[in-house]
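Visitor: A structural model of the following input is requested.
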Amino acid sequence: MRRLGLPISLLLLLGACAGSPSASPQADRQAKSFDQPAPDRGALYVYRSGLFGMMRPLDVSLAGGAAAQLGYNTFIRVEGPPGPIDIACKVGDSTANGQVQIQGGQTRFVEVAMNSKWGWSPGCEVAEVPPDQGQAAVRSARRVEPQ
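Guide: Predicted coordinates:
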């Protein structure tokens, strides 16, 4: 049993390293305080959790140009003008899209997850989640910098 512990630990470590560069510890802490954006701006958290496909990052892009590779247990926070925000995720040849409407001073949370299409090919999905679920996931995740 002890021999299995090392390979699993190594896989978890490698999975945590995949994706976009980490934000500074200060930026990570600041994002986890969930400060409300200014009244003329909205905030969006996009996070990835779940163990399925943890070794492979998901490409996430937002309308307006922000993009990131989200590895297992990572998130981004972006702020911008209120309005509809289109979110896309891609893994391999599979893409999924979603949209959230953000009002001024509002914060929304979106989870991207890897799934399996047809049992063999990886896919992804985009889903808005309630604030309490999103905050819990973000608190246990690591912030990365969008590109």
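Visitor: for the closest residue to K90 other than its chain neighbours, helix, strand, or coil?
Guide: Nearest non-adjacent residue to K90, counting by CB to CB, 6 or more residues apart in numbering: D59, 4.4 Å away. All C-beta spots, glycine's among them, are computed from the backbone N, C-alpha and C. With DSSP: H, G, I helix; E, B strand; the rest coil as the basis, D59 sits in strand.
Visitor: near D59, how many other residues are there?
Guide: By other CB atoms under 10 Å, the residues close to D59 number 18.
Visitor: which residues in this structure form helices?
Guide: Secondary structure of the chain by DSSP state H: the helices cover 2-17, 25-31, 131-139.
Visitor: average pLDDT for the second one?
Guide: For helix 25-31, the mean pLDDT works out to 94.
Visitor: rewinding a little: and the helices of the chain, which one is worst for confidence?
Guide: helix 2-17 (a mean of 39).
Visitor: low pLDDT regions in the chain?
Guide: For the chain, applying pLDDT under 70 flags the ranges 1-19, 51-55, 117-120.
Visitor: of all residues in the chain, which one is nearest the centre?
Guide: Y47 (2.2 Å; CA atoms, centre = their mean).
Visitor: chain neighbours aside, what residue packs nearest to that one?
Guide: Closest to Y47 by CB to CB, 6+ apart is F75, at 3.6 Å.
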